[in-house]
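1. Sequence first, then the predicted structure, then my questions.
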Number of protein chains: 2
Amino acid sequence: MPRSKRLSCGVQAQTNPETGINALLDVAMTTGFDFIVVPLAHPLRALRNPAAKGDAAFARADLDLYSGDWSSSVVGQISSTVQTQLDSADPAERIKAQEMFEQDTAWASHISLPAVVLPLTVAPVAADAKAPRSIANLARVLSNFLNSTLSMTVWVRVTATPMAGEPSSTEANAPVTTRAQDSWELWNTLRTLCGYNGRLAVALELPDNLPSPQSLARWKGEPVKGLFCLSSSFLTNNKGFPVLSKRHQLVVREFLEFGTQVVVDCGSNQFISPPDAKAAASAAAQASPSGKGKGKGKAAQFVDNTTTPTTIYENHLQYIGHLFDTLPALDEATRASSSFEDSLQAPLQPLMDNLESATYEVFERDPVKYAQYGRAVELALEDRVPESERATRETVIMVVGAGRGPLVQAALEAAERANCKVKVYAVEKNPNAVATLLVRKNEEWLDSVEIIESDMRAWNPPALADILVSELLGSFGDNELSPECLDGAQRLLKPDGVSIPSKYTSYLAPLSSQKLYIEVRNQYVHFSPPDERKAFETPYVVLLKNAAITNPPVPVFTFEHPNRAAKIDNSRYTSVTFTAPHNTTLHGFAGYFDTVLYKDVMLSIVPDTFSTGMFSWFPILFPFKQPVSVKADETIEIHVWRNCTREKVWYEWTCTSPISLPIHNPGGRSYYIGL
Amino acid sequence: MPRSKRLSCGVQAQTNPETGINALLDVAMTTGFDFIVVPLAHPLRALRNPAAKGDAAFARADLDLYSGDWSSSVVGQISSTVQTQLDSADPAERIKAQEMFEQDTAWASHISLPAVVLPLTVAPVAADAKAPRSIANLARVLSNFLNSTLSMTVWVRVTATPMAGEPSSTEANAPVTTRAQDSWELWNTLRTLCGYNGRLAVALELPDNLPSPQSLARWKGEPVKGLFCLSSSFLTNNKGFPVLSKRHQLVVREFLEFGTQVVVDCGSNQFISPPDAKAAASAAAQASPSGKGKGKGKAAQFVDNTTTPTTIYENHLQYIGHLFDTLPALDEATRASSSFEDSLQAPLQPLMDNLESATYEVFERDPVKYAQYGRAVELALEDRVPESERATRETVIMVVGAGRGPLVQAALEAAERANCKVKVYAVEKNPNAVATLLVRKNEEWLDSVEIIESDMRAWNPPALADILVSELLGSFGDNELSPECLDGAQRLLKPDGVSIPSKYTSYLAPLSSQKLYIEVRNQYVHFSPPDERKAFETPYVVLLKNAAITNPPVPVFTFEHPNRAAKIDNSRYTSVTFTAPHNTTLHGFAGYFDTVLYKDVMLSIVPDTFSTGMFSWFPILFPFKQPVSVKADETIEIHVWRNCTREKVWYEWTCTSPISLPIHNPGGRSYYIGL
């Protein structure tokens, strides 16, 4: 099944000084790669020492390619010495490194490269440094650059390492990885110092020996735009083709699902096959220059007029393509929602706003939700009506908040399956939805259904209900005011009547996501006047993709219906604790819910118990207004309140361990749900 | 010498249910106290259980005092059970406590109290809890209240405890204080959870046995509005009067210097002396009600028509008054600058703006600065001119940036003391100041001085200078561009010429101050459009008062003049580390400087070497955009850069340990000094 995301694959290679960058790009494109990654310092070597080659050399690189090629197909790599020398103890070396960085990036801007790669290396395993090396000056220079350019992305290239505390290799007695040797730590420091700039991304290099899945899982919350696979990591299968190990495959597939671009890194190997290379490549070894580019260098020696130019890396590319094409097929639900990935939405306020027809339509298409509702009604009918009375006794079902009728339909079908006689009252306050209900009654449901245009909290029924069916739940269970609505509607229910749903519980889990932190920060423009505080004090419904959940979700608030308490109190307060599995930076917490519709008939968006195929709800995100740095084994303590007045319901939340944050949204000042 | 701050002293006492609050206030006022602190729950007990006393009882308290008395002379104390019950594990108890809190504060608002006291207690020493008790729900309720009222201040009353890690008492083998038993920790959490609300303050209770000076010093950075002295802490001196121990005196004096209000806490003792009390009080023991208040209760039994009413606490009050009156006299410098305490000023930009006459006038009055400059010139003259040539050889002195002439005057006087013949060139770019210089030349200086209206970097002199004198230093030394100006002016100097100053060094030290954090945050309104980020990316000149410096300042940048380097580079980068002496929360760092004018003639605003009496410079504050929580013995690492282009100079700064912050002011985006 086709996927909505396209594969984009690049190749990192050395340019041949004789043939130049145009030949390299030419072959890469013809082979099928989308872009090349080349050292900025190499074709532009002259820049570093203009006297050595003169002005002609300086200009050559600029004219080597059409500007459209530079801006779409070339990623430049900054010299790898810059990053360490910028934090040298020697001021002169620092200043020289800064000049190199500025030359490289100025040149990259001049030729409109879409991105540059900045290598960032950790301390070698042998080093005894415990704390990560200082990268403050690198961060300052980088931050200055990011603040001065509006379009270029910087890919910070790091090797995926074991996380601090894990053995540094699989060898027996391998020393334990320190923070200084953990590339995530270095990246985390760098992006923090750079103020979470949206154009600072990760290019993750997979080493031949992969670190643990836990170490790799940390990158799920980071903006991994590029995944570098070393040519040395490829094995040769029994047909002579390059393949990756099972674990490498898994990781590559996982990032392909994210839409990460894959780069095959040829290392010091020649990308353009030398004439004496293996047969497949040598077939194309007598070549003349292609028409592309304006290269004035020597003709490349590999393109044949009659053969498609190719390199030994064509097979690598085909293999990545194969991994992409064989990703698990997207079901309809996933495809429908993939455009919502990591996109923030304000939660629905169904009591204050009337839903639009299109919104009803989307939700009605859920293949799981209404089947489960139907099953719940069917079981409840079977429990309440003895078999002998099913043909005669009429069961009263009230659907409160009937919308355009999916629950009415599900209830009628359930009654038919159970062979029960039912009278369905469909209560709906939205006059636009009532119009649809009336059409369906007249055309399909006839006398078995009564349509009531009313707020469920106000309607006076002709009879009490055996079964009260509602679908008022939000991503955090109670966040669309199901408790308040059902408390107001339960007077419609017989003393022994049943509410479907009968119970629901919200859950939360700590979340790390640079992407979502930046997205929330960017929401400030949607407030009038623009207000960053409000942006961070609003929960958002969001399909989590580029986010790492550090611990499994735990339950927070539970509501049961009907609620026969003498004085109903729907305010709640819970604090929950987690133990950080590794060093991390939290940006908020994710909220989920599950619900018992009836007995064992459930719906859940909690990852472990997720109702497969259901797409009616995305998780909810409660952001933190500042990133919270957490060390492995530290306690994460989160507090969340559900507060109520006569007029409104709102959440407040905060974190008190490892550090305290200001309580978010006190008094509902930034966000509330109106009653 | 009279001080600018007035003493304000209160008394905390029980009201006598028979005589009511009006009698208490009456005696307190007549005794000389400025306000009383009374439990909200006591005179208003009826509120808690309206049925018990009926509506009459409810109204009585309201009418007990004129509203002006309530709003100026009464501070209400919230029931001390509320604070613990709000975080009870039992939801019902939490809800009850919230109702009590809301009743108390609603009542306090109704009668317009200026402040309420909220007691906050730490875990008892015996408790084995290591982590502070949860106060998240208390913080939420408090935060809601602070966000709903615009005028009332909440004094959080805490006992000064030993800090975590110190012995809990002076007894041998006393257990070590845990974070759970450290009241500063609890306060720190509370104010953080409440989002650093400006109306949340500390009422610090001094226990009979004071904790270590280090423990007490932490409160210097906190908004200690009230200092509670227990009546039990008072000793009786040999004349029978109440006095405090030496250490208590010291602490009380220190807070009096801050302008903290002192409250004498009578504890369970009667504030109004019973008839059988000591003679001084009993003299006033047959009383009739005074005219104040509208009390309908029984007549108080202590006021005599002919005698001034008094209590045994009159002596306590007089003693506090004595401590206040005998505070070290303020010198002129301190008095002149006391209105600047903790008040943020943008640093001067003398190259971009012309100073106003009043600004010159303030600086010219400094009793130390020009004396030291004079001494430096005198020594330089003596070194340069052999005694035999002093009558004949003319030494050329150039004063660059002469302003209204104080350095010219100092140089002339120095020459006179050294018996040297001098020619002084006064170079000044501000035409308004030049006008004053010309008057002084014509009237006082005559031919010994030439006035040059020019930028020192542009002027072509008739002769080179022996001595180049300037006063271009800012609070951080180089922050008013002294390096750039003097580099530009040193071509005026003979090869062996002398620059006064010859060297200057900036210093920095970590700083904790709730007050300054809030002040900086409030600066956002001064940017157009309002911009909190800019507010936190600007350094401020500020006379530090309500701020705790956690570690002694260390040197950062040094400049020497003349600078004979082939290529002058005035950019700088330094990182400095400190070891946190105790748990703290940092809000930025304080900057200072010292300068060598000539040989051993120095000026310094670094606390340890401060040039006593000098008031020309206040420290500079580099704020952090978020508070940084630090634990004892953790490394504090601060980075600061001085960056230069042709057009401007700016600082960037950040912290990388214990956590990293975004680099402040990248590229000078929020603040720079124009060249």
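-> The structure has been received and is ready for your questions.

2. Up against chain B, what does the stretch 401-550 of chain A have?
-> With CB under 8 Å from any CB of the partner chain as the criterion, the stretch 401-550 of chain A meets chain B at residues A:E532. Using the backbone N, CA and C atoms, a C-beta is placed for each residue, glycine as well.

3. Point me to the residue of the stretch 401-550 of chain A nearest chain B.
-> Using CB to the nearest CB, the closest approach of the stretch 401-550 of chain A to chain B is made by A:E532 at 7.5 Å.

4. Who are the contact partners of that residue?
-> Going by CB atoms under 8 Å, 6 or more residues apart in numbering or on different chains, A:E532 touches A:521, A:524, B:532.

5. any idea which of the residues you listed is the one closest to A:A136?
-> For these, the minimum distance to A:A136 (CB to CB) is 22.5 Å, reached by A:R521.

6. burial of that closest one, as a residue count?
-> 17 (other CB atoms under 10 Å in any protein chain shown).

7. helix or strand for it, which one?
-> Assigned by DSSP states H and E, A:R521 belongs to helix A:514-522.

8. If you count contacts, what does that helix end up packed against?
-> Other helices and strands packing on helix A:514-522, by 3 or more CB pairs under 8 Å, 6 or more residues apart in numbering or on different chains; DSSP states H and E, are helix A:532-536, strand A:584-598, strand A:620-630.

9. Deepest-packed of these, please.
-> strand A:584-598 (a mean of 26; mean count of other CB atoms under 10 Å in any protein chain shown).

10. Centre of the chain to it, how far?
-> 15 Å (CA atoms, centre = their mean, to the nearest Å).

11. Could you tell me the per-residue confidence at the residue in the stretch 301-450 of chain A positioned nearest to chain B?
-> With CB to the nearest CB, the shortest gap between the stretch 301-450 of chain A and chain B falls at A:P347, namely 20.9 Å. At A:P347, the pLDDT value in this model is 70.

12. Please tell me how far it sits from B:E537.
-> 34 Å (CB to CB, to the nearest Å).

13. what about these two, which has more around it?
-> Shown here are A:P347 and B:E537; by other CB under 10 Å, B:E537 has more neighbours (25 against 17).

14. Not counting sequence-adjacent ones, nearest residue to the more buried one?
-> B:S670 (3.4 Å; CB to CB, 6 or more residues apart in numbering or on different chains).

15. where does the residue of the stretch 101-250 of chain A found nearest chain B land in three-state SS?
-> The minimum distance from the stretch 101-250 of chain A to chain B, using CB to the nearest CB, falls at A:G195 (3.4 Å). Taken by DSSP: H, G, I helix; E, B strand; the rest coil, the conformation at A:G195 corresponds to coil.

16. give me every residue that touches the residue nearest to B:E537.
-> The contact partners of B:S670, by CB under 8 Å, 6+ apart, come to B:531, B:533-534, B:537-538, B:664.

17. Same question for A:P207.
-> A:159-161, A:230, A:233.

18. Pull out the buried members of these.
-> A:159-161, A:230, A:233 (16 or more other CB atoms under 10 Å in any protein chain shown).

19. Also near chain B: which of those, exactly?
-> Okay, of the buried ones among the contacts of A:P207, nothing touches chain B (CB under 8 Å from any CB).

20. mind putting those residues in TSV, distance to A:S143 and secondary structure included?
-> What follows is the buried ones among the contacts of A:P207, written out as TSV (distance: CB to CB, whole Å; DSSP: H, G, I helix; E, B strand; the rest coil):
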residue	distance to A:S143	secondary structure
A:T159	23	strand
A:A160	25	coil
A:T161	24	coil
A:L230	30	strand
A:S233	33	helix
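
21. Which member of the residues you listed is positioned nearest A:K599?
-> Nearest to A:K599 among the buried ones among the contacts of A:P207: A:A160, at 46.5 Å, using CB to CB.

22. ok, now which ones touch the closest one?
-> Counted by CB under 8 Å, 6+ apart, A:A160 has contacts A:183, A:204-207, A:210-211, A:215-216, A:219.

23. Same check on A:N570?
-> A:N570 neighbours (CB under 8 Å, 6+ apart): A:478, A:483-484, A:487, A:559, A:642, A:644, A:649.

24. Now do the phi/psi pair for it.
-> When read as degrees, to the nearest 10, the backbone of A:N570 gives phi -100, psi 10.

25. any idea how far it is from A:E560?
-> 11 Å.

26. again, but for A:S575
-> Counting by CB to CB - A:S575 and A:E560 are separated by 22 Å.

27. A:L543 too?
-> In terms of CB to CB, A:L543 sits 29 Å off from A:E560.
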